[in-house]
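Asker: Starting from these lines, generate the structure:
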Amino acid sequence: MLQDVLTAVIAAGCTGLVYLSAAARVVKQYERGVVLRLGRFVGGARPPGFTMIVPFVDRLYKVNMQIVTLPIPAQEGITRDNVTVRVDAVVYFKVVDAANAIIQVEDYRFAVSQMAQTSLRSIIGKSDLDDLLSNREKLNQGLELMIDSPAIGWGVQIDRVEIKDVSLPESMKRSMARQAEADRDRRARIINADAEYQASKKLAEAAQQMADTPAALQLRLLQTVTAVAAEKNSTLVLPFPVELLRFLEKAQVQPQVPSAPETPRPLGLTTPPETAAVDASAPAGSTTEAEGSTTEAEGSTTEAGAEGAAGGARLDGEPEPAALDGVPEAPLDPASIAPVRAAADAASAGPPDQ
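Answerer: Numbering: from 1, shown residues only. Sure thing, here's the model as predicted:
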């Protein structure tokens with residue numbers, strides 16, 4: 001009898017252990033439990049920790065309450081300005097109501113993924129290319145609102161949505177690169193022109209100041225020389241003042257016109273050939289005193305010329321006198337000497353008888 005009782009107790013204990021192991025459940029800290037008893041939701045979400053269910057009657061569903069990172073596959077679409085692009089994004093969401101996440105939707109992860117893809121394609125069609133590239137914050141907010149509106153009824157809350165990448169066709173990339181280059185070139189030219197304008201104003205002010213104070217120009221010249229000499233160059237370049245050129249131009253003397261050279265005369269003659277010819281044409285018997293005196297002067301001149309020629313020959317090795325003013329002596333013309341000799345013979349014959 002005792003043996004039967006012990007066998008029954010052991011059997012009951014084993015049955016209790018099997019039941020306990022089948023009914024015991026453990027819910028983790030980041031999870032919530034949803035119990036369906038005979039297919040019906042009972043109680044509320046089970047908190048984390050140890051919990052018990054009715055074996056073979058209750059079914060416990062555990063829902064993860066952590067933030068889930070769900071990548072959205074790249075979606076190809078046409079923007080409002082007719083540009084074909086491929087855009088991919090990522091969604092961050094979490095379950096805030098475990099019961100609705102199990103009861104209201106079959107698979108809340110799949111539902112959020114499909115809703116995100118549909119919303120992303122809608123955003124692409126409503127936006128311009130410039131908005132997709134430069135105004136992503138606004139697009140992210142709009143995409144978040146579009147996904148969050150139906151997800152609230154599923155017990156899911158969308159934390160944020162980020163557009164990861166926008167893929168453009170190669171032709172569009174080249175066009176945008178040319179546009180960006182042209183825009184940068186325009187800005188560079190504007191900046192350069194503005195710098196030239198400001199520099200010209202400062203240079204004009206400096207020139208006015210140097211004009212009022214001439215010593216400033218000399219000081220600036222010395223500074224330039226110092227700056228060039230500091231480079232240890234073998235060649236020193238000095239600026240030449242323009243004012244000095246103007247001063248030299250004003251001080252330039254006008255050139256004088258050279259005078260015509262004098263006509264050389266024969267050596268030993270004091271009377272031009274024209275005068276001698278006129279005297280020779282006069283009659284030999286003229287008794288006028290003026291003519292006699294002229295004839296005597298001519299005779300003395302002729303004798304002096306002859307003595308000078310003879311004396312030049314008698315000098316021992318003395319050089320002949322050089323020509324005056326660098327003009328060579330002209331040779332004697334016999335035709336011009338003949339009238340002079342005739343006048344000298346007439347003078348030596350004496351005056352005619354009265």
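Asker: which stretches of this structure form helices?
Answerer: 2-23, 98-103, 108-126, 129-134, 136-151, 170-212, 214-229, 242-250, 273-280, 289-314, 334-348 (DSSP state H).
Asker: Pick the most buried one from those.
Answerer: helix 98-103 (a mean of 20; mean count of other Cβ atoms under 10 Å). C-beta: built from backbone N, CA, C; applies to glycine.
Asker: Just the residues contacting that helix, thanks.
Answerer: Helix 98-103 has contacts (Cβ atoms under 8 Å, 6 or more residues apart in numbering) with 32-34, 41, 44-45, 61, 63, 65, 95, 108, 153-156.
Asker: Stretch 47-62 too?
Answerer: Against stretch 47-62 from outside (Cβ under 8 Å, 6+ apart): 19, 22-38, 42, 46, 102.
Asker: pLDDT averaged over that stretch - what is it?
Answerer: Mean pLDDT, stretch 47-62: 88.
Asker: Only the C-alpha atoms, please, for it, written as CSV.
Answerer: Only the C-alpha atoms of stretch 47-62 are listed here, as CSV (Å, rounded to 0.1, in the frame of the first residue of the first chain):
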residue,chain,number,x,y,z
PRO,A,47,5.9,43.1,-18.7
PRO,A,48,9.5,41.9,-18.8
GLY,A,49,10.4,39.1,-16.4
PHE,A,50,8.9,35.7,-15.5
THR,A,51,5.3,35.0,-16.5
MET,A,52,3.0,32.1,-16.6
ILE,A,53,0.5,31.0,-19.3
VAL,A,54,-1.9,28.2,-19.6
PRO,A,55,-0.3,25.4,-21.5
PHE,A,56,-2.0,24.3,-24.7
VAL,A,57,-4.6,27.1,-24.2
ASP,A,58,-2.6,30.4,-24.2
ARG,A,59,-0.1,31.5,-26.8
LEU,A,60,2.5,34.2,-26.0
TYR,A,61,3.9,36.5,-28.7
LYS,A,62,7.0,38.5,-27.9
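Asker: Find the nearest non-adjacent residue to Val68, please.
Answerer: Nearest residue to Val68, sequence neighbours excluded (Cβ to Cβ, 6 or more residues apart in numbering): Phe93, at 5.7 Å.
Asker: tell me the contacts of the one you found?
Answerer: If you count contacts by Cβ under 8 Å, 6+ apart, then Phe93 has Ile67, Val68, Leu70, Val112, Ala151, Val156, Gln157, Ile158, Asp159 around it.
Asker: and which of the contacts of helix 98-103 is nearest to Val87?
Answerer: Val156 (22.5 Å; Cβ to Cβ).
Asker: count of residues packed around the closest one?
Answerer: Val156 has 25 neighbours, counted by other Cβ atoms under 10 Å.
Asker: pLDDT at it, what is it?
Answerer: Value listed for Val156 in the pLDDT field: 92.
Asker: Please tell me how far it sits from Tyr61.
Answerer: Val156 sits 15 Å away from Tyr61, going by Cβ to Cβ, to the nearest Å.
Asker: Torsion angles phi and psi at Pro48?
Answerer: Taking degrees, to the nearest 10, you get phi -70, psi 150 for the backbone angles of Pro48.
Asker: Return the residues in contact with Ala45.
Answerer: Arg32, Gly33, Val34, Val63, Ala98, Ala99.
Asker: for the stretch 1-150 of the chain, which spans come out with low pLDDT?
Answerer: Residues of the stretch 1-150 of the chain meeting the criterion pLDDT under 70: 1.
Asker: Buried ones among the contacts of stretch 47-62?
Answerer: Taking 16 or more other Cβ atoms under 10 Å as the criterion, what is buried in those is Arg25, Val27, Glu31, Arg32, Gly33, Val34, Val35, Leu36, Arg46, Ile102.
Asker: before we move on, back to that, tell me the two of the contacts of helix 98-103 that are most distant?
Answerer: That would be Gly33 and Gly153, which, of those, are the farthest apart (Cβ to Cβ) at 21.4 Å.
Asker: Would you format the helices of the chain as a markdown table with distance to Lys164 included?
Answerer: Converted to a markdown table, the helices of the chain look like this (distance: least, Cβ to Cβ, whole Å):
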| stretch | distance to Lys164 |
| --- | --- |
| helix 2-23 | 47 |
| helix 98-103 | 26 |
| helix 108-126 | 11 |
| helix 129-134 | 12 |
| helix 136-151 | 10 |
| helix 170-212 | 18 |
| helix 214-229 | 55 |
| helix 242-250 | 66 |
| helix 273-280 | 122 |
| helix 289-314 | 124 |
| helix 334-348 | 125 |
